[in-house]
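1. would you be able to build a 3D model of this:
(chains A, B and C)
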Amino acid sequence: MALLTVNNISKRFGGVVAVNGFSMTVNANEIIGIIGPNGAGKTTIYNLISKVIDLDTGQIILADQEITRERQEKVAKMGIARTFQNIRLFQSLTVLDNVKVPCDYKPRYSFLETICMLPRRWKGEREIKKEAMECLELVGLAHLANTKPSNLPYGMQRRLEIARALALNPKVLLLDEPAAGLNPEEALELVDFLKDIKKRLGLSMILIEHRMDVIMELCDRIYVQDFGKTISVGTPAEIQSDPCVLAAYLGEEEESC
Amino acid sequence: MGMTFFVQQLINGISKGAVYALIAVGFALIFSVLKFSNFAHGGMISISAFIGYYFAKTLGLGLVFSLVAAAIGGGIIGIILDTIGFYNLRKRKSPRIFYFVSSITCGILFMNILTILFGTTYYSMPPFFENPVIKLGALRVVTLDAVILGTCVALLVVLMIIIQKTKLGLAIRTVAIDDTTATLMGINANTIVRVTFFLAGSLAGVAGVFLASNYTIDPFLGNMVVKGFIASVIGGLGSLPGAIIGAFLLSLVEVALTVITGDVIAPAIIFVLTLTFLLIRPKGIAGKFMQEKA
Amino acid sequence: MNESVLVFTLITVIGVVSIFPLTGLTGLFSFGQAAYMAVGAYIAGILAVYFKMPLIVCMISGVVGCGLLSVIVGYPTLKLRRDFFALMSLFLGEAIRAVLNASGDITGGAQGLSSIPKWIGLPGVFLGTAVVIVLVAMFKYSRFGRMCLAIKTDELAAKSFGISVFATKMKVYVFTSMIAGFAGVLYAFYIQYIDPNMFGWTTSSSWVIFLFFGGTVSLTGSVLSAVLLTMLPELLRFASELRTVIYCVIIIGVLNFRPQGLLGDREITDLYHWIKDKFTRHKLPENAA
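-> Sure thing, here's the model as predicted:
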């Protein structure tokens, strides 16, 4: 039984069909890749799954519960976390506070308890700090807890984004081009890191990427998108030898796709 | 209450609407190019009203001169406003709320400087016409209203032509969509912004003179900008034709309410109506709402 | 120093601190906060003058009344875009003023409400200010404060981490309105006379100006700037319009040249940590040996 099932979702913006009947299954402990040329609708798929925008058609089921009609916040609480193509860290918060934010929605202590300084408040804050520091330690940024994100180099900001997403304790983690802007060495570190947290946290992940070295190393299965449609699905080996995929990337025409 | 009364009120409403339209369009112009609500527009209206007064009363130069002077003066004030209020914010790419605060502060600043210079006594514009009223059969049309309506319509048409049909207008529309890309295309975004402020200021200038002729002049005349804001909002923020429609709608509703319920309660009812409208259709009549994408 | 200057300064501090969570932390600009001050003042004042209720009842009623009103007003308006919310808050202020002016029988209309008993003196206002500052500080350093800052910075990202934006905004709005109401109650019982024109949008705007001057996210900054900008003109005896002009010039200067305000995001607790650091560093050579 799949962890996340996406059934025939579509989205149209005016005259442009961004996503045309996309279906996907993600099982427990799997890393799924979504690749395709720019403009193929990959980030739109993420926006649909995380309910940033509404679906035109289709269904999304997370761990047996239908989330098609749910709101963005609800879906996040139910276990879908994501990172963004353009880093969207909370620049006015410290590194640690950024990672605390996903812990905040839980009603560990109430408003009244906050302003009356009751014990549950202090206890709740300690818990949140502990959970946040754990996530920071996972990505190796614990020593920078009190700096501002804008002072971090690009690679570390990306890691912070991942730490923040992990703090939500998700069932499925959606990563949007996590290796963008990383040099080959950093990309290798990222691959090892993602493999590690998959093992440690039992997480399933979806990965949008352009870097073939990252995708082929990490993914159990890959969906290839072009112009909003899925042109191929398979293991890395299958995808690499698929003539349709090659045609899409090299721009040739292939009739049987 | 016969037909005459009804038509009279209608004309009254339309004439008011024309002035609101001027304010609303000036407001919408800035919103569409810079994406924020410029509350200093009211300050520009106040200052231009005084400029117009100076030309009309002190120099005794008549309506046309006063309008031109106020338009040019308003335009210059618009450029000054941009320089002290928004230029640095653009350079630093400050968050939107700063523009908001800056515009309100500049508006308050302008109006208080006027208070210091002129005190809080009311001034009134000298009468502009020998015949204050035109008689069309049983109807009596206030000359001023007719002139206002005519001038506003003419100005709005000219503005639309500029925006839609000239190179300058194209540049303005481009900067409104994306100023970085516009700069990459060779447009000096800063200059275009300045020009937009000049245009908006000129519109405020003309509106100021007309408002001053209908009401008395005091430094807080510019608070009329709120009507422009409401009109703009009803019509759809950023849409110039929408602002015009919104302005006329607003003025007709206002006139109707004043007749039905009297002056005191009207503002409260407008509050409730605007709120309801915004909840049902935040896009306004013609506005485009950009949905945020991740 | 004149006692009433000090009291007025403290009341202004409460006002600025009241909008700190709303405008500073959440980025919601409101012209109507002073209206809640009016509501609090009038409810408390009327209960005291006409119904001869004791101080505690008047105070609680004033604050709770503001809370209820803010729930009713907040529910539709917080769903709107920020510009619209600001516009509606302006209308709220004017609407409250119109209602107060019109209901002359109860409120005294434009003549105002007078002969309010003097139950609050300088110590009371001082205590009230201290309490309010602590409450807001507790709010800032909590999950609510963080959620507000997240909402201010990036609403969409905030939502993607499970934050209920509307619910959080409502909580802040009600909280801040009640504090503003509290300021009104204190004011009424000190000054003994209130009228509808004391609490207009210019007062609300001046609070926002003080907030920005001190540093939008710095509570210490807000307090300092409220104190500085209220007391200084009093001491130097500026006429009222010139004072407003100077406020505006200061803010325009800050926005243009130092947008983070006086203190940026530093708080007085940072000073404490800095001093502590200095002392521990001093001790180190001894221990190292």
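2. where do the strands sit along the stretch 51-200 of chain C?
-> Counting by DSSP state E, counting those that start in this stretch, the stretch 51-200 of chain C has no strands at all.
3. who in it is up against chain A?
-> Near chain A, the residues belonging to the stretch 51-200 of chain C are C:135, C:138-139, C:141-144, C:146-147, C:149-150, C:152-154, C:156-165, C:171, C:175 when assessed by Cβ under 8 Å from any Cβ of the partner chain. (Each C-beta comes from the backbone N, C-alpha and C, glycine too.)
4. just the ones in helices from the residues you listed, please.
-> In this view, those that belong to helices under DSSP state H are C:135, C:138-139, C:143-144, C:146-147, C:149-150, C:152-153, C:156-159, C:165, C:171, C:175.
5. which among those end up buried?
-> Under a neighbour-count criterion of 16 or more other Cβ atoms under 10 Å in any protein chain shown, the subset of these counted as buried comprises C:135, C:138-139, C:143-144, C:146-147, C:149-150, C:152-153, C:156-159, C:165, C:171, C:175.
6. near C:Ile250, how many other residues are there?
-> Under the neighbour criterion other Cβ atoms under 10 Å in any protein chain shown, C:Ile250 is assigned a count of 18.
7. which residue packs closest to residue 24, ignoring adjacent ones?
-> You didn't say which chain, so I picked chain A. A:Val6 (4.4 Å; Cβ to Cβ, 6 or more residues apart in numbering or on different chains).
8. wrong one, I was asking about chain C
-> The spatial neighbour of C:Gly24 that comes closest, neighbours along the chain excluded (Cβ to Cβ, 6+ apart), is C:Thr216 at 4.5 Å.
9. mind checking how far that neighbour is from B:Asn38?
-> When Cβ to Cβ, to the nearest Å is applied, the distance between C:Thr216 and B:Asn38 equals 21 Å.
10. neighbour count for those two, which is higher?
-> Comparing C:Thr216 with B:Asn38 by other Cβ under 10 Å, the one with more neighbours is B:Asn38, at 33 against 27.
11. how near is the more buried one to B:Tyr87?
-> Using Cβ to Cβ, one gets 14 Å for the distance from B:Asn38 to B:Tyr87.
12. so B:Thr121 lies in a helix, does it not?
-> No: using DSSP: H, G, I helix; E, B strand; the rest coil, the secondary structure at B:Thr121 is coil, not a helix.
13. quick one: contacts for it?
-> Counting by Cβ atoms under 8 Å, 6 or more residues apart in numbering or on different chains, B:Thr121 touches B:Asp218.
14. how many other residues sit next to residue 96?
-> No chain in the question, so chain A it is. A count of neighbours around A:Leu96, defined by other Cβ under 10 Å, yields 21.
15. sorry, I should have been clearer: chain C.
-> Other residues near C:Ile96 come to 22 when the count uses other Cβ under 10 Å.
16. quick one: classify the closest residue to chain B within chain C as helix, strand or coil.
-> Shortest chain C-to-chain B distance, computed as Cβ to the nearest Cβ: residue-wise this is C:Cys248, at 3.7 Å. Here C:Cys248 is recorded as helix under three-state DSSP.
17. list the residues that contact it.
-> Under the criterion of Cβ under 8 Å, 6+ apart, the contact partners of C:Cys248 comprise B:Thr105, B:Cys106, B:Ile108, B:Leu109, B:Asn112, C:Ile209.
18. the second one - that's part of a helix, no?
-> Yes: with the criterion set as three-state DSSP, the secondary structure at B:Cys106 is a helix.
19. for the residue of the stretch 51-200 of chain B found nearest chain A, what are phi and psi?
-> Of all residues in the stretch 51-200 of chain B, the one sitting closest to chain A is B:Pro95 (9.5 Å; Cβ to the nearest Cβ). B:Pro95 adopts backbone torsions of phi -60, psi 160, taken as degrees, to the nearest 10.
20. could you measure from it over to A:Gln91?
-> Separation of B:Pro95 from A:Gln91 (Cβ to Cβ) stands at 10 Å.
21. C:Val71 too?
-> In this structure, C:Val71 lies at 32 Å from A:Gln91, with Cβ to Cβ as the measure.
22. low pLDDT regions in the stretch 51-200 of chain B?
-> When the per-residue scores of the stretch 51-200 of chain B are filtered using pLDDT under 70, the ranges that remain are B:127-132, B:136-141.
23. what segments of it are strands?
-> Using DSSP E, counting those that start in this stretch, the strands of the stretch 51-200 of chain B run over residues B:133-136, B:139-142.
24. picking up where we left off before, what's the pLDDT at the residue of chain C closest to chain B?
-> With respect to pLDDT, C:Cys248 scores 83.
25. how many neighbouring residues does the closest residue to it other than its chain neighbours have?
-> Using Cβ to Cβ, 6+ apart and skipping residues adjacent in sequence, the residue nearest C:Cys248 is B:Leu109, 3.7 Å away. The number of residues packed around B:Leu109, counting by other Cβ under 10 Å, is 23.
26. B:Leu109 contacts C:Ile250, correct?
-> No: with contacts counted by Cβ atoms under 8 Å, B:Leu109 stays clear of C:Ile250, the gap being 10.5 Å.
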